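Student: Got a sequence here, can you build the structure:
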Amino acid sequence: MTSSKTEIRTDGAPAPMPVFSQGVRKGPILQVSGQGGEDPATGQYVAPGDVKAQTARTLENVKAIVEAGGGTVDDIVMFRVYLTTREHFALMNEAYAEFIEANLGADGVKPSRTTVFVELPKASMLVEIDALAVVG
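Tutor: Sure thing, here's the model as predicted:
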C-alpha cells in the first residue's frame, strides 16, 4: 500500500520559492526543504553577518515546518547544515547545540548531522539547513 504525499505549509517559516515546497510528508517520512535565517513575517534575513543568530532563526524555521507536518524536533533523524565558510563552523555549532539542548526529547538521542561548506544562493545567506524526520 502506498502513502500519498502531502505538501507541508506554515506561516511559521518563510514562504518557499515557487518551484518547491517548505516540506513534504509521505507516510511517516517528512523532508524539510533547506531553510535560511529569514524572518517568516518579513522574509528578510535576520542579523546580517551574524551566523549564530541566523542559525538560531534557521533552526526555528525548520522546527515550524516539522511541527506543521505533525512532528516535533525529537522526530528529526538528520540535519544537513550548509555554511559558506569554515570560519562560521564554531558559532553555527554553538547555536545548534543550544537548539538541540532546548528541544531534545526524553530519550536523549541527538539527530545525526552533516555539515558542508558551499556557496549559497544569496550573499546575505550564511547558513542553510534541511532536515529529515520520521513522524510517528
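
Student: residues in contact with the closest residue in space to residue 53 that isn't next to it in sequence?
Tutor: Closest residue to residue 53 apart from its sequence neighbours, by C-beta to C-beta, 6 or more residues apart in numbering: residue 47 at 3.5 Å. Quick note: C-beta positions are derived from backbone N, CA and C, even for glycine. By C-beta atoms under 8 Å, 6 or more residues apart in numbering, the contact set of residue 47 is 37, 53-54, 57.

Student: before we move on, what about residue 136?
Tutor: 28, 75.

Student: which residues of the protein score low on pLDDT?
Tutor: Residues of the chain that meet the criterion pLDDT under 70 lie in 1-2.

Student: Regarding it, what is its longest helix?
Tutor: Taking DSSP state H as the criterion, the chain has its longest helix at helix 51-68.

Student: before we move on, the earlier item: most neighbours of all the contacts of residue 47, which one?
Tutor: The most neighbours of any of the contacts of residue 47, using other C-beta atoms under 10 Å, belong to residue 37, which has 29 neighbours.
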